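Novice: Return a 3D structure for these sequence lines:
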Amino acid sequence: MMPAGRISAEPTSARLCARFTMAFLSGGRPVGFSRFRGLFGRWRIRPACIAAVALAVVLIGASGRSAAQETSSQASSVPWQQAQPSSAAPAVVAPDPFGGAGPTRLNGQISGQVALNAGDFQAITLTGRPEVYFVSGNGRYVVRGAIYDLWQGRELATLAEVKTATQTVNFPALVRLIPEFEPFRVGTGTKRVVVFLDPFCPYCQRLLAEIGQRTGDKEHEFIILPVALLGAESVRAVRNLHCASDRPAALTALLTHNLAEPLEEVADCDVGAVQKRLIFARLMQVRAVPFLIRDDGLRQEGMPANLTAWLAGGA
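Specialist: Residues are numbered from 1 along each chain as shown. All right, here's what the predicted structure looks like:
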């Protein structure tokens, strides 16, 4: 079992990642998602998910090039499917992206950095240079140039824009996907808050207790997505809550942590929505629970110190 508040599942396939990415781009729902039903517990997430989004970024960049740029690019590169070792092909040495400041000289020149919440990359700026560089976690690879946020639909040109992107989500697009996950809902307000949680996470239980006191809230609506991250007990509880024949009783059991006695379930319960929640939690880079997303798109990892203040717009 992983430590409390941490994800124990590993992420999903590039194909599914691409579906969600396209849903954010198009403003619609993922197409053909029903074929993944009934596979709860069988998915394993791979780095290919990141590769799928990276490929989309490359394609977007490629679509904006001029014909001359395309010709030049094709002349100096080989499609990866065709790339083979050859003693006749001379090595191509890329120019130093730091303008001659090698690894030993780079130390101390970094003026700012932001960890990207997609892959093991840092965005950095250097003293006296306007560009933003993207450096791999082991310091081996450096990417210089534009980065495009597909989910927000804009280019990130400055370190401040990168930081904002890592802290926020395109909330209207997210809300369009929510019905796929068959969430529990508390409150009837127009200000919606998405909450990922595990029923057996202690901080999640504290948050649920606070939400339980807001059942008559006419300003906020809490969209609760239980996900099983903390072991077999969580898997059993999340499934039972989802499959309960009495939905209001299931919500009460969740809010009060009254999960010892299983609820009566409907026959032939479809747990596809439960699986989708877990997959989507990973796409949202949920690394710890509770994990909240406010209607302005701000992400909050962990329980806010003051829920009321956070809902009112506090950091």
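
Novice: where do the strands sit along the stretch 151-300 of the chain?
Specialist: With strands called from DSSP state E, counting those that start in this stretch, the stretch 151-300 of the chain shows them at 154-156, 184-186, 191-197, 220-226, 291-293, 299-301.

Novice: In JSON lines: those strands, plus distance to Gln285, mean neighbour count and mean pLDDT.
Specialist: Placement of C-beta: from N, CA and C, glycine included. Converted to JSON lines, the strands of the stretch 151-300 of the chain look like this (distance: least, C-beta to C-beta, whole Å; neighbours: other C-beta atoms under 10 Å; pLDDT from 0 to 100):
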{"stretch": "strand 154-156", "distance to Gln285": "16", "mean neighbour count": "15", "mean pLDDT": "89"}
{"stretch": "strand 184-186", "distance to Gln285": "22", "mean neighbour count": "18", "mean pLDDT": "97"}
{"stretch": "strand 191-197", "distance to Gln285": "11", "mean neighbour count": "22", "mean pLDDT": "96"}
{"stretch": "strand 220-226", "distance to Gln285": "15", "mean neighbour count": "22", "mean pLDDT": "97"}
{"stretch": "strand 291-293", "distance to Gln285": "9", "mean neighbour count": "23", "mean pLDDT": "95"}
{"stretch": "strand 299-301", "distance to Gln285": "8", "mean neighbour count": "16", "mean pLDDT": "92"}
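
Novice: Ok, which of these comes nearest Cys204?
Specialist: strand 191-197 (3.8 Å; C-beta to C-beta).

Novice: Summarise which helices and strands the closest one is packed against.
Specialist: The contact analysis (3 or more C-beta pairs under 8 Å, 6 or more residues apart in numbering; DSSP states H and E) places strand 191-197 against helix 171-177, helix 202-212, strand 220-226, strand 291-293.

Novice: name the helices or strands packed onto the shortest one?
Specialist: Put plainly, it is strand 291-293. If contacts are counted by 3+ C-beta pairs under 8 Å, 6+ apart, strand 291-293 sits against strand 191-197, strand 299-301.

Novice: quick one: Glu301 and Arg287 touch, right?
Specialist: Yes. Using C-beta atoms under 8 Å, Glu301 is in contact with Arg287, at 6.8 Å.

Novice: OK, contacts around the residue nearest to Asp120 when sequence neighbours are not counted?
Specialist: Spatial nearest neighbour of Asp120, excluding adjacent residues (C-beta to C-beta, 6 or more residues apart in numbering): Gly137 at 3.5 Å. Neighbour list for Gly137: Asp120, Phe121, Gln122 [criterion: C-beta atoms under 8 Å, 6 or more residues apart in numbering].

Novice: swap the cut-off to 10 Å and go again
Specialist: For Gly137, the contacting residues are Ala115, Gly119, Asp120, Phe121, Gln122, by C-beta atoms under 10 Å, 6 or more residues apart in numbering.

Novice: which among these end up buried?
Specialist: By neighbour count, with 16 or more other C-beta atoms under 10 Å, the contacts of Gly137 hold Gly119, Phe121, Gln122 as buried.

Novice: what's the closest of these to Ile211?
Specialist: Comparing the buried ones among the contacts of Gly137 against Ile211 with C-beta to C-beta picks out Gly119 as the nearest, at 32.7 Å.

Novice: So for the contacts of Gly137, which is the shakiest by pLDDT?
Specialist: Among these, Gly119 carries the lowest pLDDT, at 76.

Novice: Against Val169, how distant is Arg236?
Specialist: Distance, Arg236 to Val169, using C-beta to C-beta, to the nearest Å: 30 Å.

Novice: Report pLDDT for Ala160.
Specialist: pLDDT for Ala160: 90.

Novice: Next, the contact list for Ala267, please.
Specialist: Cys243, Ser245.

Novice: Including secondary structure, could the buried ones among the contacts of Gly137 go into CSV?
Specialist: Listed next are these as CSV, based on DSSP: H, G, I helix; E, B strand; the rest coil:
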residue, secondary structure
Gly119, coil
Phe121, strand
Gln122, strand
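
Novice: from those residues, which is closest to Glu210?
Specialist: Gly119 (34.0 Å).

Novice: phi, psi of the nearest residue in space to Glu131 that is not next to it in sequence?
Specialist: Computed as C-beta to C-beta, 6+ apart, the closest residue to Glu131 that is not its neighbour in sequence is Arg144, at 6.2 Å. Phi and psi for Arg144, reported as degrees, to the nearest 10, are phi -120, psi 130.
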